[in-house]
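1. Need a 3D model of the sequence below.
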Amino acid sequence: MDEIVKATRHFIMRDVIFILSGGTVIGSTLHLFDKLPSPNDSWVLYGLLAGVGYFIAYAIQDMLCLTHLITTTHINKPCWFIRLIYKLYMHEKWQEIDINIDEIVQTFGDDDEARYEFERLVMFQLIGTAGGSCMLASGVLFFVRWAWYLEKFDFFVAIAGTLLGLSLIILSWLKGAQRAQFMSRIRK
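-> Numbering: from 1, shown residues only. Model prediction:
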């Protein structure tokens with residue numbers, strides 16, 4: 001029973017990330033066309049928008065994965081920029097990884113602390129990939145609205161959304177590198 005609760009909590013957190021991330025794109029799109037729902041609208045509409053938000057976030061994230069702009073996996077051989085970010089964040093130099101990381105997840109066994117740390121890194125990477133890519137898309141939508149109406153608010157949100165989106169994407173690459181380093185240390 002305890003395993004079911006843990007699994008449910010893990011999947012619910014992942015779902016919430018997708019719903020919130022996709023919701024930013026839906027909200028930005030509705031704002032673009034002045035079609036934001038009112039508080040008097042049915043809860044069914046909000047439920048449907050949350051479901052659609054999940055699919056939007058998933059689609060944007062995985063389409064960007066196809067372009068290699070983001071990744072949802074660990075990063076064995078990061079580029080110089082990610083190595084620099086890793087060094088600045090972790091206060092240690094990147095260590096080359098010379099083992100097969102794909103086998104390591106199997107070795108957690110009963111080590112709940114190691115499994116928790118691994119899942120935490122995966123969750124933060126997911127926030128960066130889904131949240132970052134959706135914030136970037138929302139920033140673009142606010143730029144379009146600003147170009148149409150020249151409102152300061154839209155310009156500010158466009159800049160903030162774009163910068164936040166790019167920051168989250170960079171952090172997702174960092175979390176992928178941290179995942180690889182963490183898993184290589186577990187194996188040793």
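2. CA atoms for contacts and neighbours, from now on please.
-> Will do.
3. Using the centroid of the chain, identify the residue furthest from it.
-> In the chain, the residue that sits farthest from the middle, by Cα atoms, centre = their mean, is residue 40; the gap is 31.5 Å.
4. sec struct for it, please.
-> Three-state call for residue 40 (DSSP: H, G, I helix; E, B strand; the rest coil): coil.
5. Spatially, what comes nearest to residue 54 if we skip its sequence neighbours?
-> residue 19 (4.4 Å; Cα to Cα, 6 or more residues apart in numbering).
6. list the contacts for that neighbour?
-> Taking Cα atoms under 8 Å, 6 or more residues apart in numbering, we find residue 19 in contact with 50, 51, 52, 53, 54, 57.
7. Which helix or strand contains the closest residue to residue 125 other than its chain neighbours?
-> Nearest non-adjacent residue to residue 125, counting by Cα to Cα, 6+ apart: residue 172, 4.4 Å away. Per DSSP states H and E, residue 172 falls inside helix 152-187.
8. same deal with residue 133?
-> helix 132-149.
9. buried residues in that helix?
-> 132-146 (16 or more other Cα atoms under 10 Å).
10. Report the separation between residue 79 and residue 86.
-> 11 Å (Cα to Cα, to the nearest Å).
11. Looking at these two, which is more packed in?
-> residue 86 (21 against 9; other Cα atoms under 10 Å).
12. So the more buried one is in contact with residue 174, correct?
-> Yes - assessed by Cα atoms under 8 Å, residue 86 is found in contact with residue 174 at 6.0 Å.
13. coming back round to it: so what pLDDT did the residue nearest to residue 125 get?
-> Residue 172 carries a pLDDT score of 96 in this model.
14. hmm, back to that, and the contacts of the helix holding residue 133?
-> With Cα under 8 Å, 6+ apart as the test, helix 132-149 has contacts from 21-22, 24-25, 28-29, 32, 57, 60-61, 64, 152, 154-155, 157-169.
15. just the buried members of these?
-> Using 16+ other Cα under 10 Å as the burial test, the contacts of helix 132-149 include 21-22, 24-25, 28-29, 32, 57, 60-61, 154-155, 157-166, 168-169 as buried.
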